[in-house]
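J.: task: produce atomic coordinates for the following.
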Amino acid sequence: PRAVSIAAQIADALEAAHAAGIVHRDLKPDNVVLTAREDGRDHVKVLDFGIAGLSGTDTTSGRPLTRAGMVMGTPGYMSPEQAVGEIVDERTDLYALGVILWESVVGKRLFDGPDITSIVTQQLTTVAAPIATLDANVPPELDALVTKLLSASRDQRPSDAGAVRDVLVASLPEIRQ
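T.: Sure, this is the predicted structure:
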């Protein structure tokens, strides 16, 4: 429940950034800070928009606002398209959220290796184990969401952070309020 609550708040932050046309491009645990609310619940802050980019198209030139060929981000959390230098959009951040959520529930790194090349190779060539196969307590709708978030194809991933948040909140009755 705590991991889902944290992920829902991250999705809230992403929804606000995406609404402003901003793609974080380096979402990872180090860029998520938890502080305690007065009632003891977590308050999540998403930090370090240092390599964030604008999404969409320049209205004057018609060209995309992000460029292909540049690889920026953290191996293990970069989406497959980001890892190979393709143009990224909001679904890149949602992929990273899926990795964070998978790791939070399972309790280990999704992609791990001795160097950057091995980590990126795993991301590009392996399919993450569904979290329900590793933890029988995971609700089916949460398992399905994480599987979609981790899709190698950006077209198979959700594109709306608010919708992701809504599924997260609905997956656990104790966080619905």
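
J.: just list the residues touching S104, thanks.
T.: Going by C-beta atoms under 8 Å, 6 or more residues apart in numbering, S104 touches 3, 6-7. Bear in mind the C-beta positions are built from the backbone N, C-alpha and C, glycine included.

J.: can you count the residues close to the residue nearest to L14 when sequence neighbours are not counted?
T.: Nearest residue to L14 in three dimensions, chain neighbours excluded: A161, at 3.9 Å (C-beta to C-beta, 6 or more residues apart in numbering). Using other C-beta atoms under 10 Å, A161 has 23 neighbouring residues.

J.: what's near enough to touch A161?
T.: 11-12, 14-15, 18, 90, 93-94, 97.

J.: and the closest residue to P140 other than its chain neighbours, how far from V106?
T.: Nearest in space to P140, with sequence neighbours left out and distances taken as C-beta to C-beta, 6+ apart, is A132 at 6.8 Å. Per C-beta to C-beta, to the nearest Å, A132 is found 11 Å from V106.

J.: likewise for R91?
T.: 22 Å.

J.: then D93?
T.: D93 sits at a distance of 20 Å from V106 (criterion: C-beta to C-beta).

J.: quick one, which of those two is more surrounded?
T.: D93 (30 against 18).

J.: quick check: the more buried one touching R25?
T.: Yes: using C-beta atoms under 8 Å, D93 is in contact with R25, at 7.3 Å.

J.: output the contacts of S104 as TSV; include the columns secondary structure, distance to V44 and pLDDT.
T.: Compiled in TSV, the contacts of S104 are given as follows (DSSP: H, G, I helix; E, B strand; the rest coil; distance: C-beta to C-beta, whole Å; pLDDT from 0 to 100):
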residue	secondary structure	distance to V44	pLDDT
A3	helix	11	94
I6	helix	5	96
A7	helix	9	97
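
J.: which one of those residues has the most neighbours?
T.: A7 (28 neighbours).

J.: how about the contacts made by that residue?
T.: Counting by C-beta under 8 Å, 6+ apart, A7 touches 97, 100-101, 104, 168.

J.: over to L145?
T.: Shown here is L145, whose contacts under the criterion C-beta under 8 Å, 6+ apart are 158, 164, 167-168, 171.

J.: could you dump these to CSV with distance to T147?
T.: Shown next, in CSV, are the contacts of L145 (distance: C-beta to C-beta, whole Å):
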residue, distance to T147
P158, 11
V164, 13
V167, 12
L168, 14
S171, 13
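
J.: can you pull out the helices in the protein?
T.: In the chain, the segments counted as helices under DSSP state H are 2-19, 80-83, 90-106, 116-125, 131-134, 140-149, 161-171.

J.: residue contacts, the residue nearest to S171 when sequence neighbours are not counted?
T.: Spatial nearest neighbour of S171, excluding adjacent residues (C-beta to C-beta, 6+ apart): L142 at 4.2 Å. With contact set as C-beta under 8 Å, 6+ apart, L142 has these partners: 4, 131, 167-168, 171-172.
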